[in-house]
Each structure stands twice: as C-alpha cells, then as structure tokens.
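Visitor: I need the structure of the sequence given here:
(one chain, ligands or ions: 1)
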Amino acid sequence: MRVEFDDVTVALGGRDVVQQASLTVDSGTVVGLVGPNGSGKSSLLRTLYRALKPRQGTVRLDGQDVQRLSGRQAARAVAVMLQDPVTDFDLSVQETVLLGRAPHHASFGRDTPDDLRIVDEAMRRAEITDLADRMVATLSGGQRQRVMLARALAQESPVLVLDEPSNHLDISHQHELMSTVRSLGRTVIAALHDLNLATQYCDRVVVLAAGRIVAAGPPARVFSPELIRTTFGVDVRVLGDADDPVFAFRRLDGGEGQDVPPSTRTESSVRT
Ligand SMILES: Nc1ncnc2c1ncn2[C@@H]1O[C@H](COP(=O)(O)OP(=O)(O)OP(=O)(O)O)[C@@H](O)[C@H]1O
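Guide: Numbers count the residues shown, from 1 in each chain. Predicted coordinates:
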C-alpha cells in the first residue's frame, strides 16, 4: 500500500510544528524519518494513523484520504508501534497481542483458531513466546516494546508505523526488530534516532528539521557529514564503504542541533 503525505501542515499549541510536508512512500518500502527532538517526526506520523488531523494538506493510502476511512478500515490498513506504548496493564501478553486482531472481527466477535495461530506466529517473531502468560505490567520496557511489535504484526496491516520503536531495546533486539519489519514486505515508516540503524535497514530516509523536510533519499547519499553537522550539531567520521557507511559521532564544541539547517536543501515535494 502506497502512502502519500501531500502538503501536510500540522498545528499544535497554535504553532505549525510540521510545515508543508510532501512525501510519497512506495508500497513495500521501508522509510526512516530522522531529525532532532521536536522536529515534527511524531506529529507527521500521527496524521497517518489519524491521531492528528492536518491543518492543511492530505494523507492518502493508495490514493484514499485517510480522514475519509472508517475506523475499522483505518485500523486494518495501519498498525502503530509507539515509543512509550500506552498499554492496558491488566492484560496478559497474549491478550494484548490478540487486541491486534480486533479490526478483523465483527463487533463483539470471538477469537478464531486463525486469530490464535496469527498471534502465536507474531509472538514467535517478536521473541516473546515465553512471556505469553505474563501480565504486561510486570515486563521491562524492552519486553513491553516487543509485545507492541507482536500486536502490530498480528494486526496484519499493509502499513506499519513505528515511532522510535527501539528506544528500550538492547542492541541485538534493535537489529532483530528492524530486520523483522524489513522482512515483512509491508510499507514501513519509522521515526528513528539511530542513523546507523536507519542506514542499515531503510530503503530511504527523510530528514526533518524544525517541521520541514530538508532532505530525502537513500541513506548513504542523504547522510553527508555536512547534513549531519548542520542538522544535529555533531561531527561525524564515516567508516566503511561510501555505499555502506558506518557513522561515528562526536558532539561539536558548544554545538547544538540547529532548528533550521542553513545549508541543506529544502524540498517542498520529495518522492522517496
Ligand atoms: N500537544 C502539543 N501541544 C503543543 N505542542 C506540541 C504538542 N505535542 C508536540 N508539540 C510540539 O510539536 C513539536 C514537534 O513535536 P514532535 O513530537 O512531533 O517531534 P519529534 O521530532 O517526534 O520529537 P522527538 O524526537 O523528541 O520524539 C515540538 O516542538 C513539540 O514540543
């Protein structure tokens, strides 16, 4: 399923926190949204899963305005994994993952053998099978995050939104998560802070700064030392090959990520 943000502006607290963002994510591709804290990544993503309505512009799924979809249609199309998930702590892990099946049920429909099979498979992929009977409240932050991954997988939506999905995960599970979502063949849009992770697993990256898209394209091309310096206020050493780079960062003396990078391209319309 193709995702299009068309000239999207989001206002929060009387301020445009996303400004005229246009971006097309082709079906089956993995796109990373990167940018400093407060640059508008979550706000842009929230317009896709309808937690926010754009002040201006349209978000489309295969050409259809998401605001015109029914709640059930939207939930079948887009699954979301948030950085600090709001979960019902009174549920077990398996019950929580089963919630991912809800958009596929008629009202008050019962779980079917198919649902249970899909949930088992999702828990296996998220490596939480051994936690199935634990209450979510008793889990660590990283375990909880993997429960949310399993729930999103069980939803079987063609589009998967990940908002800083790996902040609680150890290094091995960060890679496992990205490699799992990459293997799904779904359209994935992930807000990521780790540029190395984005480089390794994303087909395209989109850089946001102060609410605007300032660059987009293949990671190795977009993540130039100059863009990283002006956007994040850190110096970078590029290790490895030019087309398969590994970044080592050092903060600039007195440096701060700038709200508006002075020397990066501003693209009002970007196809990734
Ligand atoms: N409910 C709100 N009311 C007012 N301003 C808000 C609200 N939510 C977010 N903002 C502001 O909108 C801007 C964009 O926030 P957003 O969460 O989209 O950024 P982000 O790039 O996802 O940041 P982070 O990397 O810290 O998660 C920030 O300046 C933030 O303070």
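Visitor: unless I'm mixing things up, residue 4 is touching residue 24, no?
Guide: Yes. Assessed by CB atoms under 8 Å, residue 4 is found in contact with residue 24 at 4.9 Å. Yep, even glycine has a C-beta here, placed from its N, CA and C like the rest.
Visitor: the more surrounded of those two?
Guide: A count of neighbours by other CB atoms under 10 Å puts residue 4 above the other of residue 4 and residue 24, at 21 against 18.
Visitor: please name the bridge partners of the more buried one.
Guide: On the basis of DSSP bridges, residue 4 takes part in beta bridges with residue 24, residue 60.
Visitor: list the contacts of it.
Guide: By CB atoms under 8 Å, 6 or more residues apart in numbering, the residues touching residue 4 are 23, 24, 25, 58, 59, 60, 63.
Visitor: out of those residues, which are buried?
Guide: Among the contacts of residue 4, those classed as buried by 16 or more other CB atoms under 10 Å are 23, 24, 25, 58, 59, 60.
Visitor: show me which pair in those residues is furthest apart.
Guide: Greatest spatial distance among the buried ones among the contacts of residue 4 (CB to CB): 25 and 58, at 14.5 Å.
Visitor: now the buried ones among the contacts of residue 4 as a markdown table including pLDDT and distance to the ligand?
Guide: Listed next are the buried ones among the contacts of residue 4 as a markdown table, based on pLDDT from 0 to 100; distance: CB to the nearest ligand atom, whole Å:
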| residue | pLDDT | distance to the ligand |
| --- | --- | --- |
| 23 | 96 | 15 |
| 24 | 96 | 20 |
| 25 | 97 | 17 |
| 58 | 98 | 19 |
| 59 | 98 | 15 |
| 60 | 98 | 20 |
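Visitor: and which of those is nearest residue 189?
Guide: Nearest member of the buried ones among the contacts of residue 4 to residue 189, counting by CB to CB, is residue 25, at 5.9 Å.
Visitor: how about the nearest residue to that closest one, chain neighbours excluded?
Guide: Spatial nearest neighbour of residue 25, excluding adjacent residues (CB to CB, 6 or more residues apart in numbering): residue 3 at 4.3 Å.
Visitor: and the pLDDT at the one you found?
Guide: Residue 3 carries a pLDDT score of 98 in this model.
Visitor: how about the contacts made by it?
Guide: 24, 25, 48, 59, 60, 61, 159, 187, 189.
Visitor: with distance to residue 227 added, can I get the buried ones among the contacts of residue 4 in CSV?
Guide: Converted to CSV, the buried ones among the contacts of residue 4 look like this (distance: CB to CB, whole Å):
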residue, distance to residue 227
23, 17
24, 21
25, 20
58, 28
59, 26
60, 28
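Visitor: between those, which is nearest residue 131?
Guide: Out of those, the member with the shortest distance to residue 131 (by CB to CB) is residue 25, at 32.0 Å.
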